[in-house]
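Trainee: Sequence first, then the predicted structure, then my questions.
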Amino acid sequence: MKNTFGNNVSVTLFGESHGEAIGAVVDGLPAGISVDEDFIAHQLDLRRPVGKISTPRQEKDAFKILSGVFNGRTTGTPVCIVIPNENTKSKDYSSSYGKARPGHADYTAFIKYKGYEDYRGGGHFSGRVTAGLVAAGAIAVDMLKNKNIYIGTHIKKCAGVNDVDFSDYVSDIEKLSRKAFAVLDDEKGARMISQIEKAASEGNSVGGVLETVVSGVPAGVGEPWFDSFESVLSHALFSIPGIKGVEFGAGFDCADMLGSEMNDSFVFEKETVKTLSNNNGGINGGITNGMPVLFKCAVKPTPSISKEQATVDFIKGENTVLGVKDRHDPCIVHRARVVVDSVTALVLCDLLSQKFGADWFGE
């Protein structure tokens, strides 16, 4: 099992949902970067469950930085962040072991790891592990802010309800950073929450679409072909549990557009090259063009639902039915948004370090 992503700045995840702890190791950070533990706690709070639209499992996420930070700044050595698991109910999973939960990795994990995997709560495949990504990503988000690069994600669509579009990117990003339920229109958000609660009352779940903007990315980041900006970022985004689709700019809508509609015309504005539209999402030929990077992620409905579904018992070798009765989210879209921000920040720090060198962040 490989758990490391990134070249110049890399992150390694460890831990299981019901193990002693989860966490992350970030390597490649330059020395002298400020580490704001209050901001890390804030980002972790954005990932926490929210009322009836989330799992009843509550974790304090009382993280500890074990290495790589001294007197509030990075030392240049690997930063290790540990987050204890406290609210576990491992016995809830012993009776269902061997029954493949539809939409989960129970069966594939059993096949790959020959039955030695920690199956409790999904083990290392659980969304719980994303807390380590968020803690590590908080450091990366702060690094980018110091270079005037800002990341924001809103719930573009959930349970059939659409949020409004981004208008003023910087202002919208600031507004979203303070919201537990990240929408630009609060009335739309209230309708989404109502639909999530309705699905939960019926023992079901819903999915949605997250839309992310990154402002301030300089032109020239990324490589053609296999390490294009889209390729590297998509690779990381698809590692987030529940992400089933990623599109940049106009995305799949470009299939119904004419070239004259899809092309982004260039123009000089105060001696800076810009485009009059942004259908390519700020990327040409796999390389950033200086416009805001814009992309969407499709998040599937949470697979754990209480409705009975057909499945198999791969230990006994027989067909059976299963209804998941444990503590689960009727929707993960609102919690996944900060995970997308964190992963995006880590990828950007890696690619920017590749182009300018890691010490660029300290300048």
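Mentor: The structure has been received and is ready for your questions.
Trainee: Tell me how far V339 lies from I240.
Mentor: Computed as Cβ to Cβ, to the nearest Å, the V339 to I240 distance reads 5 Å. For the C-beta atoms, the positions are set from N, CA and C on the backbone; glycine is no exception.
Trainee: Looking at these two, which is more packed in?
Mentor: V339 (28 against 20; other Cβ atoms under 10 Å).
Trainee: Over to that one. Which of the three states is it?
Mentor: Three-state call for V339 (DSSP: H, G, I helix; E, B strand; the rest coil): helix.
Trainee: hey, where'd the helices end up in the chain?
Mentor: 37-47, 106-113, 130-145, 169-176, 186-201, 229-237, 259-262, 333-356 (DSSP state H).
Trainee: and those, which one's lowest on average pLDDT?
Mentor: Lowest mean pLDDT within the helices of the chain: helix 106-113, at a mean of 92.
Trainee: okay, and the common contacts of V339 and I240?
Mentor: 130, 133 (Cβ atoms under 8 Å, 6 or more residues apart in numbering).
Trainee: circling back to that earlier point, N71 is nearest to which of the helices of the chain?
Mentor: In terms of Cβ to Cβ, the element of the helices of the chain nearest to N71 is helix 37-47, at 12.3 Å.
Trainee: In CSV, list the C-alpha atoms belonging to that closest one.
Mentor: Provided in CSV are the C-alpha atoms of helix 37-47 (Å, rounded to 0.1, in the frame of the first residue of the first chain):
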residue,chain,number,x,y,z
GLU,A,37,-2.1,25.8,15.1
ASP,A,38,-5.3,27.9,15.5
PHE,A,39,-5.8,27.8,11.7
ILE,A,40,-5.2,24.1,11.6
ALA,A,41,-7.9,23.7,14.3
HIS,A,42,-10.2,25.9,12.3
GLN,A,43,-9.8,23.9,9.1
LEU,A,44,-10.4,20.6,11.0
ASP,A,45,-13.6,22.2,12.4
LEU,A,46,-14.8,22.7,8.8
ARG,A,47,-14.5,18.9,8.3
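Trainee: Got the phi and psi for the closest residue to S353 other than its chain neighbours?
Mentor: Once flanking residues are discounted, S353 sits nearest to N8: 3.8 Å by Cβ to Cβ, 6 or more residues apart in numbering. Here is the backbone geometry of N8 (degrees, to the nearest 10): phi -80, psi -50.
Trainee: No further queries at this time; thank you.
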